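Engineer: Here's a sequence, model it:
(one chain, ligands or ions: 1)
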Amino acid sequence: MSDRTPIIAGNWKMHRDHLEAIQLVQKLAYHLQEEDYEGQEIVVCPPFVALRSIQTLIQSDKLPISLGAQNCHPEDEGAFTGEISVPMLARLDVRYVICGPSERRALFAETDELIATKARAVQKHDLRPIVCVGEVKEEREAGKALDVVVDQLRGSLQGVSADDPDALVIAYEPVWAIGTGLTATPEDAQEMCAAIRTELAGIYDASTAEAIRIQYGGSVKPGNVRQLMGQPDIDGALVGGASLSSEDFALIVGHRR
Ligand code: 13P
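Structural biologist: Alright, predicted model coming up:
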């Protein structure tokens, strides 16, 4: 067992308005047991418009759940119509910001360089980036998955600090497993997460790499989470679809029971 604190995060993507969001977190808290909060971090990443409501709920009910945002703009403020800055997120007690998930890479043309810029902006305000990497199906089939992921990692971590290893989380999300019901086998996911850790040792140093948490994402469900989390280099899960069900997300969070 490593000393790394497991981190289970729900990425709701563009689902749930602020009222539905409150209900979802209330139900989640109802399903969770005290032991589920111990020794692991639980994060919910709702759409921006629900952050304030959930911040208030977390505060009033003293829930040991952290807030995450799904995106940010790297500038502190300015004429960037439609964008949200990290200081704005900080004011909402947001602790984590997802940087470079596959949809933003594919649909919004985010480059490794932009993702690194966002991750640095997140850290500048003492929030924590969850930096996402992952290969597409063709790349895996061509035997290039490792090269692609290592490349993304190097580019997306340019200038990103790991002085506090807890303040940087990596998410390995094979694109072909996202929202498809296909999951990487625990062995394949482990192989990639181990390779990511080796690369982190090159970018930072060995002891830092040992301390950085690596999540797996891609069709994580109550039925497969235990095996995935049982792998030595998998320290958490970034959960999409299943995090929209309070029952399923509670089962995923409670996988140690
Ligand atoms: P699914 O769990 O729906 O496959 O989504 C994974 C994901 O993209 C989380 O960021």
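
Engineer: C-alpha from now on. contacts and neighbour counts both.
Structural biologist: Noted.

Engineer: Show me where this structure has its strands.
Structural biologist: Secondary structure of the chain (DSSP state E): strands at 7-11, 41-45, 66-69, 94-99, 128-133, 169-172, 213-217, 236-239.

Engineer: I'd like the ones you listed as CSV, with mean pLDDT appended.
Structural biologist: Shown next, in CSV, are the strands of the chain (pLDDT from 0 to 100):
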stretch, mean pLDDT
strand 7-11, 98
strand 41-45, 98
strand 66-69, 98
strand 94-99, 98
strand 128-133, 98
strand 169-172, 98
strand 213-217, 98
strand 236-239, 98
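
Engineer: With distance to the ligand and mean neighbour count as extra columns, can I get those strands in JSON lines?
Structural biologist: Listed next are those as JSON lines, based on distance: least, C-alpha to the nearest ligand atom, whole Å; neighbours: other C-alpha atoms under 10 Å:
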{"stretch": "strand 7-11", "distance to the ligand": "5", "mean neighbour count": "24"}
{"stretch": "strand 41-45", "distance to the ligand": "10", "mean neighbour count": "23"}
{"stretch": "strand 66-69", "distance to the ligand": "11", "mean neighbour count": "25"}
{"stretch": "strand 94-99", "distance to the ligand": "8", "mean neighbour count": "26"}
{"stretch": "strand 128-133", "distance to the ligand": "8", "mean neighbour count": "27"}
{"stretch": "strand 169-172", "distance to the ligand": "8", "mean neighbour count": "26"}
{"stretch": "strand 213-217", "distance to the ligand": "5", "mean neighbour count": "29"}
{"stretch": "strand 236-239", "distance to the ligand": "4", "mean neighbour count": "28"}
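
Engineer: For the longest helix belonging to the chain, give me every contacting residue.
Structural biologist: Longest helix of the chain, by residue count under DSSP state H: helix 186-203. Under the criterion C-alpha atoms under 8 Å, 6 or more residues apart in numbering, residues 146, 149-150, 153-154, 172, 206-210, 214, 216, 227-228, 231-234 lie in contact with helix 186-203.

Engineer: who wins for proximity to residue 180 among the strands of the chain?
Structural biologist: Nearest to residue 180 among the strands of the chain is strand 213-217 (11.7 Å), distances taken as C-alpha to C-alpha.

Engineer: Please identify the residues of the stretch 151-257 of the chain in proximity to the ligand?
Structural biologist: Within the stretch 151-257 of the chain, the residues that sit near the ligand (C-alpha under 6 Å from any ligand atom) are 177-179, 217-220, 238-241.

Engineer: Of these - the most surrounded one?
Structural biologist: Most neighbours among these, by other C-alpha atoms under 10 Å: residue 217, with 31 neighbours.

Engineer: how close does that one get to residue 178?
Structural biologist: 7 Å (C-alpha to C-alpha, to the nearest Å).

Engineer: Can you pull out the low-pLDDT segments for the stretch 151-257 of the chain?
Structural biologist: Nowhere does the stretch 151-257 of the chain drop to pLDDT under 70.

Engineer: ok so, going back, got a ChimeraX select line for the buried ones in the contacts of helix 186-203?
Structural biologist: Buried subset of these, written as a ChimeraX selection, criterion 16 or more other C-alpha atoms under 10 Å:
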select :146,149,150,153,154,172,208,209,210,214,216,228,231,233,234
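
Engineer: in the stretch 51-200 of the chain, which spans are helices?
Structural biologist: 51-60, 86-91, 102-107, 112-124, 137-141, 145-156, 186-203 (DSSP state H, counting those that start in this stretch).

Engineer: which of these sits most buried?
Structural biologist: Comparing the helices of the stretch 51-200 of the chain by mean neighbour count (mean count of other C-alpha atoms under 10 Å), helix 112-124 ranks first with a mean of 23.

Engineer: Can you tell me which helices and strands it packs against?
Structural biologist: Helices and strands touching helix 112-124, as assessed by 3 or more C-alpha pairs under 8 Å, 6 or more residues apart in numbering; DSSP states H and E, comprise strand 94-99, strand 128-133, helix 145-156.

Engineer: Turn those into a markdown table, including distance to residue 250.
Structural biologist: Below are these laid out as a markdown table (distance: least, C-alpha to C-alpha, whole Å):
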| stretch | distance to residue 250 |
| --- | --- |
| strand 94-99 | 20 |
| strand 128-133 | 21 |
| helix 145-156 | 30 |
